[in-house]
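[1] here's my sequence, what's the structure:
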Amino acid sequence: AIPAGVWIGSPSVLHTPCYGWEQGVRIWVFIREARGRVHRSGHRGFSKDMLDFSTFIPAWHRFRDAYLKVLGDAGRDTRLVKAKLDMLWQKRQPQIERLVEAWNRARMTEDEKNQRGR
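    Okay, the predicted model is just below:
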């Protein structure tokens, strides 16, 4: 299972075909590298990198394309999977925008506190 909830919400994980040990590790590394650093830490559950749209959106496209490549290489038709992932991505946008707004407000509040403390 590959965590993808930050981009598509629920279902929060995607599944690849089953592979042998060596090929499975290669695919895991390939998808993990495409996914990049995605973690829930920092304020409001997300890191600064996650809530920066200049990195967030390209990371989603890299991850989605890598996942589709893995499925395609396994002989699966990726057209419907791509359409579903794109639909889930679009559906998730209002929630992401609210998270970004909340994170930005919190950062501004922290910056103001730091400026007053100087």
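
[2] the helices in this structure, which residues?
    Along the chain, the segments classed as helices by DSSP state H run 5-8, 21-35, 53-73, 79-116.

[3] list the helices and strands the last one packs on?
    Going back to what we said before, that points to helix 79-116. helix 5-8, helix 53-73 (3 or more Cβ pairs under 8 Å, 6 or more residues apart in numbering; DSSP states H and E). Quick note: C-beta positions are derived from backbone N, CA and C, even for glycine.

[4] mind listing what's buried along that helix?
    Going by neighbour count (16 or more other Cβ atoms under 10 Å), the buried part of helix 79-116 is V81, K82, L85, L88, W89, R92, I96, L99, V100, W103.

[5] how about the residues you listed in a markdown table, adding distance to W28?
    Output for these, formatted as a markdown table (distance: Cβ to Cβ, whole Å):
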| residue | distance to W28 |
| --- | --- |
| V81 | 19 |
| K82 | 21 |
| L85 | 19 |
| L88 | 22 |
| W89 | 22 |
| R92 | 24 |
| I96 | 26 |
| L99 | 27 |
| V100 | 29 |
| W103 | 29 |
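
[6] quick check: the farthest pair among those?
    V81 and W103 (30.2 Å; Cβ to Cβ).
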